[in-house]
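Novice: below are the sequence and a predicted model; questions follow.
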Amino acid sequence: MTRRARIESETGIYHVMLRGINKQNIFEYSEDYERFKSCLLDAKEKSGIKLFGYCLMNNHVHILVGIGPEPIGVVFKRMGVKYAYWYNKKYERQGPLFQDRFKSEPVLDDIHLLSVLRYIHQNPVKAGVCSDILDYEWSSYRDYTGEGAGLIDTDTVLGIISENPADQVRLFKDFTYEESLGVFADIDNVTRPTDEALRERVIEICGAKTPGEFQNMPIDERTLAIRAMRDSGMSIRQIVRLTGLPFGVVRNVKSV
């Protein structure tokens with residue numbers, strides 16, 4: 001099937017989304033989130049992009065980016081390959097980490113930019129990961145309030161919020177907490193508490209703490225573990241996401 005051509009943004013700004021293959025996690029521990037952030041920083045330095053916002057969820061990512069001299073496809077292919085190589089080496093896995101090519105939607109104007117950024121920062125709350133935007137560690141919200149690491153180019157957004165620097169952060173906070181009524185491109189969300197609870201169940205069943213450990217188990221033991229997971233009520237897609245196994249392999253293991 002021929003791929004649909006990517007819609008180019010007249011403003012040069014895009015809302016980009018990446019998802020783990022088969023919806024599996026692309027972040028397991030804090031070190032993984034930090035590594036992905038370092039890949040974003042590397043992209044800024046090498047590709048001349050501007051980062052207006054991001055939110056790193058357990059199995060997908062939202063990034064609000066202004067493209068520099070390089071095409072958007074080149075930027076995110078390089079960044080995805082770099083992170084996937086590191087992740088696969090760490091967790092002793094092989095094969096693609098991300099689902100197909102990344103998704104993107106063009107940002108049309110300043111109002112659209114603010115609305116998409118608000119949507120991105122509200123993502124963890126709407127997914128049930130936390131009750132307050134400020135509590136989520138892996139988004140760019142704290143960069144805008146002056147409490148982050150400075151990865152984000154905040155001047156553009158804060159300048160749109162207000163011409164008066166003394167009012168910018170306060171008005172940005174107010175705007176971010178307003179209800180988001182816009183409809184934006186998205187990726188299926190899976191809440192982190194649910195996956196953490198399921199990960200603990202996997203450890204209880206077979207002792208495997210990562211997809212790599214699970215995949216390196218003897219086949220007979222792995223089959224028994226999958227059956228125990230299915231008997232405990234876990235769905236096939238949940239098992240695929242947490243173990244990194246192909247959908248067909250998990251499906252062929254019947255529950256008792």
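Specialist: Done, it's in.

Novice: excluding residues flanking it in the chain, which one is nearest the spatially most central residue of the chain?
Specialist: By Cα atoms, centre = their mean, the mean C-alpha position of the chain lies nearest to V61, the distance being 2.0 Å. Computed as Cβ to Cβ, 6 or more residues apart in numbering, the closest residue to V61 that is not its neighbour in sequence is L18, at 4.5 Å. For every residue, glycine as well, the C-beta is placed using N, CA and C.

Novice: local confidence estimate at that neighbour?
Specialist: Note on L18: pLDDT of 93.

Novice: about what we covered before: residues touching the residue nearest to the centre of the chain, list them.
Specialist: 16-19, 26, 36, 54-55 (Cβ atoms under 8 Å, 6 or more residues apart in numbering).

Novice: which of the three states applies to it?
Specialist: strand (DSSP: H, G, I helix; E, B strand; the rest coil).

Novice: identify the bridge partners of it.
Specialist: L18, L56 (DSSP bridges).

Novice: just to revisit the earlier point, correct me, but the residue nearest to V61 touches H60?
Specialist: Yes. Taking Cβ atoms under 8 Å as the definition, L18 is a contact partner of H60 at 6.4 Å.

Novice: what do those two both touch?
Specialist: I26.

Novice: from R230, how far off is the nearest residue to K50 once chain neighbours are set aside?
Specialist: Leaving aside its sequence neighbours, K50 sits nearest to G66 (Cβ to Cβ, 6+ apart; 3.7 Å). Look at G66 and R230: by Cβ to Cβ, to the nearest Å, they are 45 Å apart.

Novice: same check, this time on D220
Specialist: 16 Å.

Novice: sorry, back to before: tell me how far the residue nearest to V61 lies from A43.
Specialist: L18 sits 12 Å away from A43, taking Cβ to Cβ as the criterion.

Novice: of the two, which one has the most company?
Specialist: Ranked by neighbour count (other Cβ atoms under 10 Å), L18 and A43 place L18 first, with 25 against 21.

Novice: quick one: contacts for the more buried one?
Specialist: With Cβ under 8 Å, 6+ apart, L18 has these contacts: 26, 60-61, 63, 76, 80, 98-99, 102-103.

Novice: export those to a markdown table and append columns for pLDDT.
Specialist: As requested, the contacts of L18 are arranged in a markdown table below (pLDDT from 0 to 100):
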| residue | pLDDT |
| --- | --- |
| I26 | 94 |
| H60 | 93 |
| V61 | 95 |
| I63 | 96 |
| F76 | 92 |
| G80 | 92 |
| F98 | 91 |
| Q99 | 84 |
| F102 | 82 |
| K103 | 88 |
